[in-house]
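Engineer: Provided below are the primary sequence and the corresponding predicted coordinates.
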Amino acid sequence: MFNIILIDDDIVSLKTLSKIFPWESIGFKLSGVFQNPSEALDFIENNTVHVILSDVAMPSIDGVNIARICNEKYPQIKIVLISAYRDFESVRNVIKLENVVDYLTKPIESKKLEDTLLKFIDEKLITFVSRNNSD
């Protein structure tokens, strides 16, 4: 199983996505759900995470900055940015980062998310890399 975390300041979006999507049936373990991006970054520091699904617009640390931080510190983590805004211009530059692999708009279509995650596995974009032996 690959570990995935969700980051979104909208609790309704988090609950909906975490409950209705069949994570395990496609090879993913939902390892964390975070409303606070700082808590997510702390979690990443101490746990193996393969994929981050993060909202773009958040008040403290936005998804763009999460992508930049992870690109520098954890380049092996793949990131899918999500947004209620269909304005791709706001994330055009960050999508060029090596670890940002897709951009989905809310409401997220289950099939589109599944296709994106399965693409990671099919194209071997994620691997079972662990930062320490306790994972």
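Structural biologist: Okay, I see it.

Engineer: Which pLDDT does the model give residue 104?
Structural biologist: With respect to pLDDT, residue 104 scores 88.

Engineer: Determine the three-state secondary structure at it.
Structural biologist: Of the three states, residue 104 takes strand under DSSP: H, G, I helix; E, B strand; the rest coil.

Engineer: hey, what's it bridged with?
Structural biologist: On the basis of DSSP bridges, residue 104 is bridged to residue 82.

Engineer: Make 10 the first number, not 1, from now on.
Structural biologist: Done: numbering now begins at 10, and the last item shifts to residue 113.

Engineer: any idea how far it lies from residue 56?
Structural biologist: Here the distance between residue 113 and residue 56 works out to 24 Å (C-beta to C-beta, to the nearest Å). The C-beta positions use only the backbone N, C-alpha and C, and glycine is treated the same way.

Engineer: show me where the chain has helices.
Structural biologist: Ranges of helices in the chain, per DSSP state H, are 20-29, 46-55, 72-82, 119-131.

Engineer: Point out the most buried one among those helices.
Structural biologist: Greatest average neighbour count among those goes to helix 72-82 (a mean of 18), per mean count of other C-beta atoms under 10 Å.

Engineer: Now do that helix: which elements does it pack against?
Structural biologist: Applying 3 or more C-beta pairs under 8 Å, 6 or more residues apart in numbering; DSSP states H and E, one finds that helix 72-82 contacts helix 46-55, strand 60-64, strand 87-92.

Engineer: tell me how far it is from the chain's mean position?
Structural biologist: 11 Å (C-alpha atoms, centre = their mean, to the nearest Å).

Engineer: what's the answer for stretch 25-43, then?
Structural biologist: Relative to its chain's centre, stretch 25-43 lies at 11 Å (C-alpha atoms, centre = their mean).

Engineer: in it, what's buried?
Structural biologist: Neighbour counts using 16 or more other C-beta atoms under 10 Å place 26, 30, 32, 37, 39, 40, 41, 42, 43 of stretch 25-43 among the buried residues.

Engineer: hmm, which helix or strand of this structure has the shakiest average pLDDT?
Structural biologist: Using mean pLDDT, DSSP states H and E, the weakest-scoring helix or strand in the chain turns out to be strand 109-114, at a mean of 84.
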